[in-house]
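[1] fold the following, please.
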Amino acid sequence: MKKYFLTLLLFTLLISGCSKINNDIKLLPTPEAVKIIPEAEPEPELEPIPIYTAENLLNDIPIIGVREEKDGLYQSFLTGEWKDINVAKRRPLAVQIINVPLSLPQYGLSKAGIIYEAPVEGRVTRLLAFFEDYDALTRIGPVRGTRDYFVYEAMGKEAFICNWGLAVPYCADLINSDKVDNVSAWNSGIENGADEAYIRIQRPDYYMEFTGYLSIPGLNKALERLGYEETYSDRFVPQFLFAADRTRVEYLDYPDAKRIFPGGKSSNAGGYGQGSEAPYFIYSAEDNLYYRYQYAQKMIDEMNDEQLSVSNVIFQYAHGEIRDRNDYLIFQVHGEGDAKIFTNGKVIAGSWSRYGGDRTPAKFYDLQGNEIVLNQGNTWICLIWNDFKEFAVYS
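    Numbers count the residues shown, from 1 in each chain. This next block holds a predicted model:
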């Protein structure tokens, strides 16, 4: 009986204890659907902002001052852009290219780092295109005869002048001198021609004078035979100052210039020493480039069927004269003169100066005498005949 009573008492305590424990348990809420949020990918680390020393600053604008090799690359003297070091340090080509309607379109111009445009006889212009990055090209042209003021422009950039013909009375002595490294097609007035550098291209319905091109494979053979120095000399002077990487010079305090007319508008055509060419540039704020037009249409590179565009445009004003009854011209490309520099949709009034001799280029300055800083990219220089200065306008 006692054993039964103890068992019953133990059972009763166990039941009451379990009830007390159950009353203390709190039920968890019904779980909801769990949304898994993926971890965000870490943002790429930005390159540190360069610290500029006095040699790489101009009026607080970061510039390309001291150039240094980086992973086999080097900043171009023509454009400021990074190029293969062997490309950036070699002397450029200066190819004389015709620019009349019957010769168009030209081939390879979009690869030029600098295009220098100046009037010739007949009141049209001719182009001297400077190339450093030309290995991927097969040809450039059509190539035509040069004039002495173009040769001086090539000399100032230590370039190889490439031409098919010349104004013999005014150019032969210069181009055949020891001061000039030329790769010229055999022609009247040329003493050491390089015919291996030139080819004829079949162009149906074109006159033969518009079918001559500089052949890049042939050019390389000619340069090897002629034995010219391949790289810039120790006395080389770059023509331009460029903004440093990750820097854009905006010139916000200067006037806008979205449309540029070196040859005047239709209402005052005849400026720039030309007839019907009527060239102009239109600035695009989307890509910060100036797009070239002439002869009432886009100027196209036949190589890629794209419109020519540049990062900078320069008006270089110069005194000019007519030399003879053949209408050959001469321009003062040494000394100094007025200039207008167009970049980032703005215009900076200034001047140019070239007093260092034939092997130094014209440099460009603002009205306070500070050298102009260009944005990186290619540049188009328009030599403006002072007699037509009033027609070179912008808006």
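
[2] then Gly218 would be within a helix, right?
    Yes: when classified by DSSP: H, G, I helix; E, B strand; the rest coil, Gly218 is found to be part of a helix.

[3] what are the C-alpha coordinates of stretch 227-239, in PDB please?
    The C-alpha trace of stretch 227-239 is given here as PDB (Å, rounded to 0.1, in the frame of the first residue of the first chain):
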ATOM      1  CA  GLY A 227      69.500  55.400 -93.700                       C
ATOM      2  CA  TYR A 228      67.800  58.200 -91.900                       C
ATOM      3  CA  GLU A 229      67.700  58.400 -88.100                       C
ATOM      4  CA  GLU A 230      64.500  56.700 -87.000                       C
ATOM      5  CA  THR A 231      63.800  58.400 -83.700                       C
ATOM      6  CA  TYR A 232      63.600  62.000 -82.500                       C
ATOM      7  CA  SER A 233      66.800  63.800 -81.800                       C
ATOM      8  CA  ASP A 234      68.000  65.100 -78.500                       C
ATOM      9  CA  ARG A 235      67.100  68.600 -79.600                       C
ATOM     10  CA  PHE A 236      63.500  67.800 -80.500                       C
ATOM     11  CA  VAL A 237      60.900  70.300 -79.300                       C
ATOM     12  CA  PRO A 238      57.300  69.100 -79.100                       C
ATOM     13  CA  GLN A 239      54.800  71.500 -80.600                       C
END
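
[4] identify each buried residue in it, please.
    By 16 or more other C-beta atoms under 10 Å, the buried positions in stretch 227-239 come out as 232, 237-239. The C-beta positions use only the backbone N, C-alpha and C, and glycine is treated the same way.

[5] cool, stretch 192-201 as well?
    Applying 16+ other C-beta under 10 Å to stretch 192-201 flags 193-194, 196-199 as buried.

[6] low-scoring stretches of this protein, by residue?
    Across the chain, the ranges flagged by pLDDT under 70 are 1-59, 266-276.

[7] the helices in it, which residues?
    Under the criterion DSSP state H, the chain contains helices at 2-24, 85-88, 148-156, 168-175, 216-226.

[8] helices or strands up against the shortest one?
    Spelled out, that is helix 85-88. Applying 3 or more C-beta pairs under 8 Å, 6 or more residues apart in numbering; DSSP states H and E, we find helix 85-88 packed against strand 73-75.

[9] the fourth one now?
    Contacts of helix 168-175 with other secondary structure elements, assessed using 3+ C-beta pairs under 8 Å, 6+ apart, are made with helix 148-156.

[10] hey, what's the angle from the helix it packs on to helix 168-175? Just curious.
    10 degrees (axes from the mean of the first three to the mean of the last three C-alpha atoms, to 10 degrees).
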